[in-house]
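Enquirer: Please find the sequence and the predicted model below.
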Amino acid sequence: MSTEEIAYDSKVEGEIIVTRADAVVNWIRQHSVWPMPMGLACCAIELMATAASKFDISRFGMEVMRFSPRQADCMIVAGTVTYKMAEVVRRIYDQMGDPKWVVAMGACASTGGMYRSYAVLQGVDNIVPVDVYVSGCPPRPEALLDAMIKLQDKIGREPSVRNLRNTQETVSVA
Amino acid sequence: MDEELAKGLMERYVFLSSRDSVDCLSYFCPPENLVELASALRDREGFEMLVDLTALDWGQENSPRFTTLYHFYSLALKTYLRIACDCPSVDEPEVPSLAAVYPAADWHEREVFDMFGIIFAGHPNLKRILMWDEYPYHPLRKEFPLAGIETPLPAPDVAEVTKASVEPAPMMGGPFVSPAGGNVSEAEPRAKDESWTEEVEKTL
């Protein structure tokens, strides 16, 4: 039996493509990331440059920056997170609908950066789970784009259907 | 010009005493005369602008411990004037507020209150401007360690979920500070602590 017989045969099956549910869900998710620009310092300027025509984040399907957390699924923390702002960052993260991801853009968001200070949170991963860290002070737009592509790869590897089922189980138990 | 101004100021405001300065004219003013002086500087001497308002902490062992500093500028004379005001009390430093005379003093006084804990009597809205309202310390005081002191996060519910708190920052990797004394241009800034955390406790 050759492999051609079990593969997709358009003459027999018509307009049908066989695949895994994970692959479909992840394909949809990873190509329509809606970022939430959490611009807190100078990294936000590079974030703006990333969205502007020269670097053009829309090439990767992520140009729909939403300032409402309800409409976003990827928070890009761009800048210095102070302890006073940490509360706000966490609240906005909580308001984002699942599934959601976080990118820590630049040294400050990743580790506190040069601000070894009583006022600055030493890494945004203290309050929200971070998926991708970007080095740089501030990172070049290319670095952010690279991070976003890495995030897409990460989304592509997620067991989305299992996660979905687990979430529903948790909901029904509660 | 400056000599003329200096002579006039000392004659008209007898409570002023001169203060060493390497740049502009500088005087000490007692707290009880501060508002009177500021009004006169604005209305009669032509110092329209309060360009800066800050404070100095001379350390806990000194009295007076806190000095507030005011920088005035005259657009007509094109000259700066510095007024220093010693707070009489070491434990509860208090000076009169200039917010009613110079609106620019409003937020500056709130910042000095936030950072040094100096009370500005008569200020319309004396609350913290940079740190959150419940923050228990005044970070620019000499006894406050550079790394900070552990305190709860401003939002209790966020602290409960994240288990995060305000923690002393590791000093390795910065901030970079030049050593005190010597020629600043020759002193290379270095990380304050070479250890990962601030191990040597400050004596209170």
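Expert: Yep, that arrived.

Enquirer: Residue A:75 should be in a strand, yeah?
Expert: Yes - counting by DSSP: H, G, I helix; E, B strand; the rest coil, residue A:75 is located in a strand.

Enquirer: need the contact list for it.
Expert: Applying CB atoms under 8 Å, 6 or more residues apart in numbering or on different chains to residue A:75 gives the contacts A:35-36, A:38, A:69, A:89, A:92-93, A:96, A:100-103, A:128. Quick note: C-beta positions are derived from backbone N, CA and C, even for glycine.

Enquirer: Try it again at 7 Å.
Expert: Counting by CB atoms under 7 Å, 6 or more residues apart in numbering or on different chains, residue A:75 touches A:36, A:38, A:92, A:93, A:96, A:102.

Enquirer: what about the first one, is that helix, strand or coil?
Expert: I take that to be residue A:36. Residue A:36 ends up strand, using three-state DSSP.

Enquirer: For it, which residues are in contact?
Expert: Going by CB under 7 Å, 6+ apart, residue A:36 touches A:66, A:69, A:72, A:74, A:75, A:76, A:96.

Enquirer: how many other residues sit next to the fourth one?
Expert: It stands for residue A:74. Residue crowding around residue A:74 was assessed by other CB atoms under 10 Å in any protein chain shown; the count is 23.

Enquirer: Looks like it contacts residue A:35 (just checking).
Expert: Yes - in this structure residue A:74 lies within contact range of residue A:35 using CB atoms under 7 Å: 4.8 Å.

Enquirer: Any regions of chain A where pLDDT drops low?
Expert: A:1-10, A:12-13, A:168-174 (pLDDT under 70).

Enquirer: Mind telling me which residue of it is nearest chain B?
Expert: Per CB to the nearest CB, residue A:118 is where chain A lies closest to chain B, at 2.8 Å.

Enquirer: Quickly find the element holding the residue nearest to that residue when sequence neighbours are not counted.
Expert: Of all residues not flanking residue A:118 in the chain, residue B:148 sits nearest, at 2.8 Å (CB to CB, 6 or more residues apart in numbering or on different chains). Using DSSP states H and E, no element contains residue B:148; it sits outside every helix and strand.

Enquirer: Repeat that for residue A:145.
Expert: Per DSSP H and E, residue A:145 falls inside helix A:141-156.

Enquirer: tell me which residues in that helix are buried?
Expert: Buried residues in helix A:141-156, counted by 16 or more other CB atoms under 10 Å in any protein chain shown: A:141, A:143, A:144, A:145, A:147, A:148, A:151, A:152, A:155.

Enquirer: right, and the last one touches residue A:29 too?
Expert: Yes - under the contact definition of CB under 7 Å, residue A:155 touches residue A:29, with a separation of 5.3 Å.

Enquirer: Can you check which residues contact both of those two?
Expert: Counting by CB under 7 Å, 6+ apart, nothing touches both residue A:155 and residue A:29.
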